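> Any chance you can model this:
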Amino acid sequence: MSDDFATLAARMSKIANAVELDISDLTNEISLAILADVSKDTPVDVGTARSNWQVSLNGPESGVRPARAPWPSRWRPPYADPGTTKSETRNQAGVVWAGAAVVRGRRPEQAVYITNNVPYIGPLNAGHSPQSAAGWIERGVASGRSRAIREFKFKNLRRL
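A predicted model of the protein is given here:
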């Protein structure tokens, strides 16, 4: 009888570890999907707001970074060609790449923070820019979370 309980205890321990690993993997996927969506939807002038989505563990980042691939403003002289998006794409790709590097080093017990410290991120989210309707951050968080959960595959539990 005690062998049965020992076997059950070992099995339950394996299941608990698999659940913990899968939930940690899901947290990583949700974090990266949210980062991708909010950075993609960030209105762009020269790229500073889009470049300032920062991922950190256990606490929010501080400070503002310069644009990763700055571009002349579309709204102030000298004007950029409105059809040009290479710089915008590079800024977003750089943010996602940097965020993925942080998330890859995450331990299961660590919280993930996604922050943007440009002083005008609040007004941008409130609809100040004609490029995005108000509430684009909330919509990006919701869509990233939903997509990550929908597409997630439980790998560790399936191995048991």
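> And what about V55, helix, strand or coil?
Under DSSP: H, G, I helix; E, B strand; the rest coil, V55 falls in the strand class.
> So for it, what's the nearest residue that isn't a sequence neighbour?
Nearest in space to V55, with sequence neighbours left out and distances taken as C-beta to C-beta, 6 or more residues apart in numbering, is G99 at 3.8 Å. Glycine gets a C-beta too; all of them are placed from N, C-alpha and C.
> That neighbour touches I114, doesn't it?
Yes. Counting by C-beta atoms under 8 Å, G99 does reach I114; the two are 7.4 Å apart.
> How about the contacts made by the residue most central in space within the chain?
Averaging the C-alpha coordinates of the chain gives a centre point, and the residue nearest to it by C-alpha atoms, centre = their mean is L35 (2.3 Å). If you count contacts by C-beta atoms under 8 Å, 6 or more residues apart in numbering, L35 has them with 53, 55, 95-96, 99, 114, 144.
> Could you tell me which of those residues are located in helices?
95-96, 99, 144 (DSSP state H).
> sorry, back to before: show me whatever sits in contact with both of G99 and I114.
31, 35, 53-55.
> Among those residues, which one sits closest to G127?
Among the shared contacts of G99 and I114, W53 lies closest to G127 (C-beta to C-beta), at 18.9 Å.
> So that closest one is in contact with D41, correct?
No. Taking C-beta under 8 Å as the definition, W53 is not a contact partner of D41, at 10.5 Å.
> how close does P70 sit to N125?
For P70, the distance to N125 (C-beta to C-beta, to the nearest Å) stands at 22 Å.
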